[in-house]
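Asker: this one's structure only:
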């Protein structure tokens, strides 16, 4: 009996340490993600963008709700598409009811059939049916040049990006902090965008 209890305690401790482990190697992070270019489905990661306190470079409160899709990973660069929108009146992010709200930051060079440019209301459903992922120029998180945002291929001659401050998987979240500064955080478990989360993802 004592042996079983000790084994159970050890298992819980190991599981807790594994969950708390921080991953910062780009290749290891990529191995834990799902990419549209390699996946039959269209997995999407949900979370939020936070403001950052410049002094300590720490998250400092909500900025926007976030849906993010990784397209591919090549030569240390993650290509991604993302959309952001405001919280609902109840103060929470509603990932299952976003078509009635204005969506921003879907990407200048992303061929999105329902982007909602300007003041138009658009959809935030991140699906392959909605986004031409094979013919779009996506934003990147380039871990070699340490830049995040629009590439030179999209916005010549140098792109329109911010510096990469940190990239990691920690406590069940993928966290990308830029020198703008903003903190992008998504739940590491991808979802089917046709059935987005109905509850808070964190």
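Answerer: Here it is on my side, so go on. Keep in mind the model is a prediction, meaning the values are calculated, not measured.

Asker: quick one: contacts for the residue lying closest to residue 43 once chain neighbours are set aside?
Answerer: The shortest distance from residue 43 to any non-neighbouring residue, by CB to CB, 6 or more residues apart in numbering, is to residue 190 (3.5 Å). Bear in mind the C-beta positions are built from the backbone N, C-alpha and C, glycine included. Residues in contact with residue 190 (CB atoms under 8 Å, 6 or more residues apart in numbering) are 33-34, 43-45.

Asker: again, 6 Å this time
Answerer: The contact partners of residue 190, by CB atoms under 6 Å, 6 or more residues apart in numbering, come to 34, 43, 45.

Asker: Most neighbours among those, which one?
Answerer: For those, the largest neighbour count, defined by other CB atoms under 10 Å, is 25 neighbours, found at residue 45.

Asker: can you pull the buried residues of the helix or strand hosting that residue?
Answerer: Element membership for residue 45 (DSSP states H and E) is strand 45-53. Buried positions in strand 45-53, judged by neighbour count with 16 or more other CB atoms under 10 Å: 45-50, 52.

Asker: From the contact counts, what lies against that strand?
Answerer: With contacts defined as 3 or more CB pairs under 6 Å, 6 or more residues apart in numbering; DSSP states H and E, strand 45-53 has these neighbours: strand 58-74, strand 182-187.

Asker: Dig out what the residue nearest the centre of the chain forms beta bridges with.
Answerer: For the chain, the residue nearest the mean C-alpha position is residue 68 (4.1 Å; CA atoms, centre = their mean). On the basis of DSSP bridges, residue 68 is bridged to residue 45, residue 82.

Asker: doesn't residue 185 make contact with it?
Answerer: No: in this structure, residue 68 is not within contact of residue 185 by CB atoms under 6 Å, at 9.8 Å.

Asker: picking that back up, figure out how far the strand holding residue 45 is from the centre of its chain.
Answerer: Relative to its chain's centre, strand 45-53 lies at 9 Å (CA atoms, centre = their mean, to the nearest Å).

Asker: Could you check the angle it makes with strand 182-187?
Answerer: Orientation check (axes from the mean of the first three to the mean of the last three CA atoms, to 10 degrees): strand 45-53 against strand 182-187 gives 150 degrees.

Asker: can you give me the helices for the chain?
Answerer: 2-20, 26-31 (DSSP state H).

Asker: Lowest average confidence across the ones you listed, which one?
Answerer: Among the helices of the chain, helix 2-20 carries the lowest mean pLDDT, a mean of 46.

Asker: Apart from its chain neighbours, what residue comes closest to residue 110?
Answerer: Closest to residue 110 by CB to CB, 6+ apart is residue 136, at 4.5 Å.
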